[in-house]
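> Quick one, fold the following:
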Amino acid sequence: QVQLVESGGGLVQAGGSLRLSCAASRGTFSKYAMGWFRQAPGKEREFVAAITWNGGTLYADSVKGRFTISRDNAKSVEYLQMNSLKPEDTAVYYCAADTSRLYSSTIYSNAGAFEVWGQGTLVTVSS
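So this is what the prediction gives:
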């Protein structure tokens, strides 16, 4: 079973940038669609972005044009480059893997489509 570990969270001022990483082990990372979700205090987990095994992408409207999802299959790492950060981006960010649909070009934005999750990394954006 693949295991996911996020890193790169922290405190940043509004307008700043952060890059999150999600390292995968024990699985065939290159076969999976991957996603990023976030959960702010007192709110439900929400979709941020997803990427297919071969690079197709989907973004939430709230982050489109500011965030970029990417992956390096050779290194088994997924990234989320976050620019022009806003205080409302403050949340715990989770990476997730869709391990049930291998080599799928369909991108899902619902959390239920992703079977494996990381432990999360906190991003705090100050105003």
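
> Could you look up the SS state of S109?
coil (DSSP: H, G, I helix; E, B strand; the rest coil).

> Not counting its neighbours along the chain, what's nearest it?
F47 (4.2 Å; C-beta to C-beta, 6 or more residues apart in numbering). C-beta: built from backbone N, CA, C; applies to glycine.

> what's near enough to touch the one you found?
35, 37, 60, 109-111 (C-beta atoms under 8 Å, 6 or more residues apart in numbering).

> For it, give its distance to K75.
24 Å (C-beta to C-beta, to the nearest Å).

> now swap in A113 and tell me
Taking C-beta to C-beta, one finds A113 at 24 Å from K75.

> Stretch 75-86 spans what distance, first to last residue?
End-to-end distance of stretch 75-86 (C-alpha to C-alpha, to the nearest Å): 30 Å.

> what pLDDT does G42 get?
Per-residue confidence (pLDDT) for G42: 94.

> please begin residue numbering at 59 from this point
Let's use 59 as the start, then, which means that last one is G100.

> doesn't it fall inside a strand?
No - looking at G100 with three-state DSSP, it is coil, so not inside a strand.

> number of nearby residues for it?
5 (other C-beta atoms under 10 Å).

> Name all residues that make contact with it.
Contacts of G100 (C-beta under 8 Å, 6+ apart): none.

> Can you pull the phi and psi angles for it?
Phi and psi for G100, reported as degrees, to the nearest 10, are phi 80, psi 10.

> Could you tell me how far it is located from S75?
Applying C-beta to C-beta to G100 and S75 gives a distance of 26 Å.

> Nearest the middle, which residue of the chain would you pick?
Among the residues of the chain, the one closest to the centroid is W94, at 2.1 Å (C-alpha atoms, centre = their mean).

> pLDDT averaged over the strand or helix carrying F105 - what is it?
For F105, the element it lies in under DSSP states H and E is strand 104-109. Averaged across strand 104-109, the pLDDT comes to 98.
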